[in-house]
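Engineer: give me the fold of what follows.
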Amino acid sequence: MIVVAAMASRNWYRGLCFMLPLLAVLERPDMPREMLGIGGVNPFNIMLGFVLVCWFVQRRRDGSRWQADPKISRLLVVYMLILAVSTFRAFLDLGSLNGAYAYIGRSTISSTTFFIEAVINTGKWLIPGMLIAVGANSKERVRLAVVGILLTGALLSLQVIAKMMPALIGGQDLADRALRVLDRDLGYHRVDLAAITASMAWAFLAAGPAFNRVIAPAVTIGGFLLCTLAMAATGGRAGMLSWIMCALALGFLKWRKILILVPVVAILALAVVPGLRDRVFEGFGEDDASAEQMERRASMGAIDESGRDRYAITSGRVVVWPMVIEQANKSPAVGFGREAMQRTGIVARLRDELNITSFGHPHNAYLQLYIDTGLVGIVFVGWFFWLLVRRSLKAFADPPDKTTFMVATMSLSFLIINLTAALGSQSFYPKQGATLFWIVIGLSLSQLMRRQPVPATPATPQRQLIR
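Structural biologist: Residues are numbered from 1 along each chain as shown. As a prediction, this is how the structure comes out:
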């Protein structure tokens, strides 16, 4: 902390970039959650506040300013307003939310706690990305941000592999250990870690221009393999699917060799990691579910004609999503506001009718956005991400320089993986597990979505006077 604070006092941006690895250890049990008896006063929050103050003091001197195109800037503002309105609607209906919590045995919350969790602890995860957006105004600063991102991803990946080693060598069930250990010891849910490590794998492969030519191959290939192994170790099938989708996209667009690499890596992983085989093919063959559980799943329509257990394959989503869609269609334009699944009684129905207690949200970011904000949220949030994808594709296909190509590849990788993983998890509300995603978005806003300079108006030649 002292070293980062000293950096920030001289150069706020450098301090910010070297603060990022704190994200990898922030929620570990051995990290302080409070200081001096004050909740929320932890090393990350202290450093983030200090960096914000340093940015405010130094911003005129170093030319840090918002440089993104006005169109994407307006969409970002609308995006945040939609989420703010959704949160405010939940605040006004706090009684229903607490009623749902009490019914399922969860502790109720006060209006102050709700504000802290839903506003302050949501908005703060945007701050690093937005600071990167205003501060990454040179190639050197872009490289600093990339190094900070890679260090964070590598540190998270190393911790995941260390915690999941018994399951990787076949001693334990991969998915079961991931659910028990990762959230408890690292503070990240395995589905978030799957998306983070999958994104970081391709980010490493794109990061060559950030390093010296001598060490670049070792860093990029080593980081790619490290993060890919960590992604497999999480047991998150949405993360695995999104990793494959990103590989196919990058391969067909430009990197043809990846199309050969993907099946080789997949076959080696399945051959070497027994726990991974069990996780990938869960639900397609014999299941560990009891006869009573199989009978209940069959009554839900979750067992198809071939005997495949769609409940196990989708981790229960196949029976939950129809309920979410049915309720969302009752207010398709604007939805029901934040925590709609709790407040509209879906969670209670799942418990009463299907004996399912593990779904506090839809486990699909698009359905969550639909039931919370309706088609208004779907349209504007989708428009925002579509512009980012389109500009990233353009810069990836025809980059003006290596730095832009690096940012475009990282941006495209994070977008493809997170938007694909959103089909089975994630959220469009900012959260700790999406902080690196928003940091990469900040890089994209500063480098790929930069405001075009206004061309100088040629001077109008003065009419010569005829004497």
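Engineer: pull the number of nearby residues for Arg390.
Structural biologist: 11 (other CB atoms under 10 Å). Where you see a C-beta, it was placed from the backbone N, CA and C, and this is true even at glycine.
Engineer: so which strand or helix has it?
Structural biologist: helix 365-397 (DSSP states H and E).
Engineer: follow the chain on from that helix and name the next helix or strand.
Structural biologist: Going down the chain from helix 365-397, the next helix or strand is helix 402-421, by DSSP H and E.
Engineer: could you give me the buried positions within the helix holding Arg390?
Structural biologist: For helix 365-397, a neighbour-count test (16 or more other CB atoms under 10 Å) marks 365-378, 380-382, 384-385, 387-389, 391-393, 395-396 as buried.
Engineer: same thing with stretch 213-224?
Structural biologist: By 16+ other CB under 10 Å, the buried positions in stretch 213-224 come out as Val219, Thr220, Gly223, Phe224.
Engineer: got a list of contacts for that stretch?
Structural biologist: Under the criterion CB atoms under 8 Å, 6 or more residues apart in numbering, residues 150, 153-154, 200-202, 204-209, 211 lie in contact with stretch 213-224.
Engineer: hey, C-alpha coordinates of it in PDB?
Structural biologist: Listed next in PDB are the C-alpha coordinates belonging to stretch 213-224 (Å, rounded to 0.1, in the frame of the first residue of the first chain):
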ATOM      1  CA  ARG A 213      10.800  -8.800 -27.900                       C
ATOM      2  CA  VAL A 214      13.000 -11.200 -26.000                       C
ATOM      3  CA  ILE A 215      10.500 -12.000 -23.200                       C
ATOM      4  CA  ALA A 216       7.300 -11.400 -25.100                       C
ATOM      5  CA  PRO A 217       6.900 -15.000 -26.400                       C
ATOM      6  CA  ALA A 218       7.400 -16.600 -23.000                       C
ATOM      7  CA  VAL A 219       5.100 -14.200 -21.300                       C
ATOM      8  CA  THR A 220       2.300 -14.400 -23.800                       C
ATOM      9  CA  ILE A 221       2.300 -18.200 -24.300                       C
ATOM     10  CA  GLY A 222       3.000 -19.000 -20.700                       C
ATOM     11  CA  GLY A 223       0.200 -16.600 -19.500                       C
ATOM     12  CA  PHE A 224      -2.200 -18.100 -22.100                       C
END
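Engineer: ok so, going back, what helices or strands is the helix holding Arg390 leaning on?
Structural biologist: Using 3 or more CB pairs under 8 Å, 6 or more residues apart in numbering; DSSP states H and E, the elements in contact with helix 365-397 are helix 70-92, helix 237-253, helix 317-328, helix 340-343, helix 402-421, helix 435-447.
Engineer: of all those helices, which lies closest to Met130?
Structural biologist: Ranking those by proximity to Met130 (CB to CB) places helix 435-447 first, at 6.0 Å.
Engineer: for the closest one, packing partners?
Structural biologist: On a contact count with 3+ CB pairs under 8 Å, 6+ apart, helix 435-447 meets helix 127-135, helix 139-168, helix 190-206, helix 365-397, helix 402-421.
Engineer: any chance of the ones you listed in JSON lines, plus distance to Pro322 and mean pLDDT?
Structural biologist: Shown next, in JSON lines, are these (distance: least, CB to CB, whole Å; pLDDT from 0 to 100):
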{"stretch": "helix 127-135", "distance to Pro322": "35", "mean pLDDT": "95"}
{"stretch": "helix 139-168", "distance to Pro322": "32", "mean pLDDT": "90"}
{"stretch": "helix 190-206", "distance to Pro322": "21", "mean pLDDT": "92"}
{"stretch": "helix 365-397", "distance to Pro322": "10", "mean pLDDT": "95"}
{"stretch": "helix 402-421", "distance to Pro322": "21", "mean pLDDT": "94"}
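Engineer: is it possible to export those to CSV including distance to Lys330?
Structural biologist: Below are the helices and strands packed on helix 435-447 laid out as CSV (distance: least, CB to CB, whole Å):
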stretch, distance to Lys330
helix 127-135, 34
helix 139-168, 40
helix 190-206, 28
helix 365-397, 9
helix 402-421, 26
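Engineer: tell me the domain boundaries of this structure?
Structural biologist: Domains of the chain are assigned by automatic domain parsing as 1-52, 70-450.
Engineer: any weak-confidence spans in the chain?
Structural biologist: For the chain, the stretches with pLDDT under 70 are 1, 33-40, 167-175, 269-316, 358, 452-467.
Engineer: can you do 80?
Structural biologist: 1-2, 29-42, 165-180, 235-237, 261-319, 353-360, 451-467 (pLDDT under 80).
Engineer: can you say which helix or strand has the residue nearest to Leu22 when sequence neighbours are not counted in it?
Structural biologist: Ranked by CB to CB, 6 or more residues apart in numbering and with sequence neighbours excluded, the top spatial neighbour of Leu22 is Phe44, at 4.9 Å. Element membership for Phe44 (DSSP H and E) is helix 43-62.
Engineer: helices and strands around that helix, which ones?
Structural biologist: For helix 43-62, the packing partners by 3+ CB pairs under 8 Å, 6+ apart come out as helix 2-10, helix 12-19, helix 127-135.
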